[in-house]
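A.B. asks: Take a look and give me a structure for this.
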Amino acid sequence: MTSGPVTSLAVALFSEVLINDQLIRNQLSRVLPKGMQISHFSVLNHLARAGNERSPAQLAKSFHVTRGAMTNTLSRLEWAGYIHIRPDWDDARRKRVSISPAGREAREEALASIAPLINELVAELGEDRVRAILPVLRSLRARLEPEE
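C.D. replies: Presented below is the predicted three-dimensional model:
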């Protein structure tokens, strides 16, 4: 590994990303509807945007978490009535997950609760600056995602 400015730059980048992640999670946790965690919202949002069923394994892979962690999140969402879990008709060993009407409603409520926060942040930072940083953040994510 190189030393000097490149290392300092890399450390500064990762420090900022990690601190921002923690601060964003704290802010979102405060404004999400009572009882909803960021992981719950993330799964509901993913299912709503995907528009079709996913397997627990596909969801775990999408969120870069263990199957056990995803099973825990899905159990809580199913208990709340936000998702439906059914057997896979082609392979009974597998399951399929879809968002329920109550889950869509909960997602919309969550989006409404976080919209003022994220809109305010974008307005304060400036839309042009946010648009400029998005490609860098996407490239960073693409580089860090495990290869298949």
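A.B. asks: need the longest helix for this protein.
C.D. replies: helix 5-31 (DSSP state H).
A.B. asks: Next, the buried residues of that one.
C.D. replies: L28 (16 or more other Cβ atoms under 10 Å). Yep, even glycine has a C-beta here, placed from its N, CA and C like the rest.
A.B. asks: just checking, next helix/strand downstream of it?
C.D. replies: For helix 5-31, the following helix or strand on the C-terminal side (DSSP states H and E) is helix 38-50.
A.B. asks: If you count contacts, what does that following helix end up packed against?
C.D. replies: Packed against helix 38-50 by the contact rule (3 or more Cβ pairs under 8 Å, 6 or more residues apart in numbering; DSSP states H and E) you find helix 5-31, helix 56-63, helix 67-79, strand 83-87, strand 95-99, helix 101-125.
A.B. asks: Now do the last one, average pLDDT.
C.D. replies: To tie it back to what came earlier, the one meant is helix 101-125. If you average the pLDDT over helix 101-125, you get 95.
A.B. asks: same deal with stretch 38-47?
C.D. replies: 96.
A.B. asks: Report all helices and strands that the lowest-mean-pLDDT helix or strand in the chain contacts.
C.D. replies: Ranked by mean pLDDT, DSSP states H and E, the weakest helix or strand in the chain is helix 5-31, scoring a mean of 91. Contacts defined by 3+ Cβ pairs under 8 Å, 6+ apart place helix 5-31 against helix 38-50, helix 101-125.
A.B. asks: Deepest-packed of those, please.
C.D. replies: helix 38-50 (a mean of 18; mean count of other Cβ atoms under 10 Å).
A.B. asks: Residues in contact with that helix: which ones?
C.D. replies: Residues outside helix 38-50 that contact it (Cβ atoms under 8 Å, 6 or more residues apart in numbering) are 25, 28-29, 32, 54, 59, 62-63, 73-74, 76-77, 80, 82-83, 97-99, 103-104, 106-107, 110-111.
A.B. asks: then that helix to PDB, C-alphas only?
C.D. replies: Presented in PDB, the C-alpha positions along helix 38-50 are these (Å, rounded to 0.1, in the frame of the first residue of the first chain):
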ATOM      1  CA  ILE A  38     -34.300   1.100   8.600                       C
ATOM      2  CA  SER A  39     -33.900  -2.500   7.500                       C
ATOM      3  CA  HIS A  40     -37.700  -2.900   7.400                       C
ATOM      4  CA  PHE A  41     -38.100   0.200   5.300                       C
ATOM      5  CA  SER A  42     -35.200  -0.900   3.000                       C
ATOM      6  CA  VAL A  43     -36.800  -4.300   2.300                       C
ATOM      7  CA  LEU A  44     -40.300  -2.800   1.800                       C
ATOM      8  CA  ASN A  45     -38.800  -0.200  -0.600                       C
ATOM      9  CA  HIS A  46     -36.900  -2.800  -2.500                       C
ATOM     10  CA  LEU A  47     -39.900  -5.100  -2.900                       C
ATOM     11  CA  ALA A  48     -42.200  -2.100  -3.900                       C
ATOM     12  CA  ARG A  49     -39.700  -0.900  -6.500                       C
ATOM     13  CA  ALA A  50     -38.900  -4.400  -7.800                       C
END
